[in-house]
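Colleague: next input, structure requested:
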Amino acid sequence: MNSEIYYDNLKKDPAWDTKNCTHVPLEVVSIVDDGGQVRQGGTQNSHIAALKESIFDSSQKVPITVLADPTPEGKWEVVEGNHRLKALRALKSENPLSKSFGLVWIHKKKFTDEAERVKYQLQCNDHLPAKSSSHDDYALALYNQLNRNEGCDGITWKNFNSCDKNTAKLVDWMKEKWGLNKNTGKAVVKAKLAHAPGSKLINYSKDEVINLFGQYNSFGWSGKEKEKCNGYVVYAVGRASHIFPNATGNSFKRKTDDGRNTETIVVGWMSNTVGQYNEKLKAYRKAIVDKANHANASWLLAAGVTVIDEIVFVPQTTTEKKKNKLLTCVKDSNGAFTTKFA
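Modeller: Numbering: from 1, shown residues only. Next up, the predicted model:
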């Protein structure tokens with residue numbers, strides 16, 4: 001729910017929020033990776049940071065929308081409001097003794113079908129505190145609709161570009177179902193839909209990356225970034241440009257101070273997935289690997305010495321996420337990192 005929908009409801013009934021919204025513990029509200037949001041790039045860290053500041057100063061002003069029925073585990077799945085939930089989680093993590101951030105304000109909503117849910121999500125993105133839906137967001141939503149073959153006049157992902165009339169049909173369908181104007185609809189179909197990924201990319205904050213690594217790593221490591229545990233020090237790298245000098249510089253200093261009993265692990269993730277898709281993610285990971293290999297091959301290093309000892313990536317496609325494991329780079333016979341994962 002966005003502020004416009006919320007305040008429209010209050011205009012119609014000043015007691016609407018008391019009747020329809022409730023506070024629940026933060027831990028019983030969950031984010032769904034596939035279907036919980038229509039954004040192509042998932043959540044945006046800059047928006048989470050802005051919401052953290054707003055909620056810290058003024059509390060949560062607009063409820064988060066969840067599915068009306070809980071999961072068998074008793075969880076309320078978010079339909080709209082992922083950024084607000086992540087902001088609250090971050091505030092709770094940073095202020096563990098405070099009772100102000102232990103509850104989240106939710107509104108439970110039923111949907112007749114998938115198209116109605118997607119329409120609601122897209123509409124909610126049009127106003128604060130949400131981020132407006134981009135062409136990529138609409139493209140991903142339309143791709144999912146076509147891939148399920150639900151209500152698009154027989155047009156599917158495989159045949160949508162087989163007939164010139166299909167573009168007009170899809171534009172009309174989006175106008176009817178989502179209220180999208182025809183010019184935007186044409187831009188989505190012609191310019192964006194061809195690049196819609198088969199599975200949306202998942203975004204993480206740095207804290208979430210470190211938590212994932214701590215949960216699934218096989219190195220016996222737990223703790224915080226840059227803290228040594230079981231002989232390893234971990235550095236989170238959200239951009240390829242941060243390999244040098246950030247990760248390599250920190251590793252060089254740490255190994256100089258500690259000696260040979262310290263190994264460095266780089267945990268990579270694409271920190272901004274907006275407008276990206278699977279091929280871009282593969283290219284990004286290759287850039288991380290190439291830069292790490294280049295640093296390890298420096299003539300300044302003694303034989304057999306490396307500044308980066310392991311590279312691990314967190315899962316960022318929904319297919320990867322379902323496996324509940326990290327992607328650890330395999331080394332070739334010369335000890336160089338490859339883009340093959342263990």
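Colleague: contacts and neighbour counts: CA atoms only from here.
Modeller: Noted.
Colleague: backbone dihedrals for the residue most central in space within the chain, please?
Modeller: With distances taken as CA atoms, centre = their mean, Asn203 lies nearest the centre of the chain, 2.3 Å away. Dihedral pair for Asn203: phi -100, psi 150, per degrees, to the nearest 10.
Colleague: spit out the contact partners of the nearest residue to Ser271 once chain neighbours are set aside.
Modeller: Using CA to CA, 6 or more residues apart in numbering and skipping residues adjacent in sequence, the residue nearest Ser271 is Gly238, 4.7 Å away. Shown in contact with Gly238 (CA atoms under 8 Å, 6 or more residues apart in numbering): 206, 268-271.
Colleague: before we move on, what about Leu300?
Modeller: By CA under 8 Å, 6+ apart, Leu300 lies in contact with nothing.
Colleague: quick revisit: could you report the pLDDT at the residue nearest to Ser271?
Modeller: pLDDT recorded at Gly238 is 94.
Colleague: from Asp207, how far out is it?
Modeller: For Gly238, the distance to Asp207 equals 12 Å [CA to CA, to the nearest Å].
Colleague: also Tyr138?
Modeller: From Tyr138 over to Asp207 the distance is 29 Å, taken as CA to CA.
Colleague: between those two, who's got more neighbours?
Modeller: Using other CA atoms under 10 Å, the more surrounded residue of Tyr138 and Asp207 is Tyr138, with 27 against 14.
Colleague: that one contacts Val188, correct?
Modeller: Yes - at 6.8 Å, Tyr138 and Val188 qualify as touching, with contact defined as CA atoms under 8 Å.
Colleague: how about the contacts made by the closest residue to Val305 other than its chain neighbours?
Modeller: Computed as CA to CA, 6+ apart, the closest residue to Val305 that is not its neighbour in sequence is Asn296, at 7.7 Å. Neighbouring residues of Asn296 by CA under 8 Å, 6+ apart: 305-308.
Colleague: all strands for the stretch 51-200 of the chain, in order.
Modeller: For the stretch 51-200 of the chain, strands defined by DSSP state E, counting those that start in this stretch occupy the ranges 64-67, 76-80, 103-109.
Colleague: buried residues in the shortest one?
Modeller: Of the residues in strand 64-67, 64-67 count as buried by neighbour count, 16 or more other CA atoms under 10 Å.
Colleague: can you check stretch 15-26 too?
Modeller: 17, 21, 26.
Colleague: next one: that stretch to chain centre, how far?
Modeller: 27 Å (CA atoms, centre = their mean, to the nearest Å).
Colleague: for stretch 140-155, same thing?
Modeller: 23 Å.
Colleague: ends of that stretch, how far apart?
Modeller: With CA to CA as the measure, the ends of stretch 140-155 fall 15 Å from one another.
Colleague: average pLDDT across that stretch?
Modeller: On average, stretch 140-155 scores 74.
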